[in-house]
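Engineer: Mind folding the following:
(one chain, ligands or ions: 1)
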Amino acid sequence: MGCCEKQTKKEAAGSIVKAHMQVIADKILRKSFECKEYRDRIKTCESCAHHTWLSRKERLNWIICNLGVIIVRPNRIAEDTAKLPVKLEPMDHGLLCCQYCRCVCDVKARGKKLECCLKKWRK
Ligand code: SF4
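Structural biologist: Reported below is the predicted structural model:
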């Protein structure tokens, strides 16, 4: 299941927590998943028309400005959350994000059970 498919708020929150826990577990256990699959996923995101680069400060500002929407958003993230600023040029220490689902691609690409919201890469 992609992160943007219809889910209840509880399911969405659960899957976000689960994905982050998976990332932490992978880092702790030093699994090699991210080597090839992660790089392929990130490459796809970088060449995708929906990518954008944000500084950590911009990402944090976006979260703060949209906190109300993020907390009360209904099931689908893409249609109900404010758009991210569009910056297509890679940024040193920037966060590669998805304009469509508003995720941080680096986090999402590390989740073995996650897939692109537009099915450009799959689990
Ligand atoms: S998650 Fe999918 S739609 Fe979003 S930037 Fe990556 S490839 Fe594009």
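Engineer: Shouldn't Thr52 be within a strand?
Structural biologist: Yes: the assignment for Thr52 by DSSP: H, G, I helix; E, B strand; the rest coil puts it in a strand.
Engineer: What's opposite it in the beta bridge?
Structural biologist: Counting by DSSP bridges, Thr52 is bridged to Cys97.
Engineer: what about it, neighbour count?
Structural biologist: Using other C-beta atoms under 10 Å, Thr52 has 23 neighbouring residues. From N, CA and C alone the C-beta is placed, and that goes for glycine too.
Engineer: Then Thr8?
Structural biologist: Neighbour number of Thr8 under other C-beta under 10 Å is 10.
Engineer: mind checking how far it is from Cys117?
Structural biologist: Thr8 sits 18 Å away from Cys117, going by C-beta to C-beta, to the nearest Å.
Engineer: now swap in Cys97 and tell me
Structural biologist: 12 Å.
Engineer: quick one: which of those two has more around it?
Structural biologist: Taking other C-beta under 10 Å, Cys97 and Cys117 do not tie; Cys97 has more neighbours (27 against 20).
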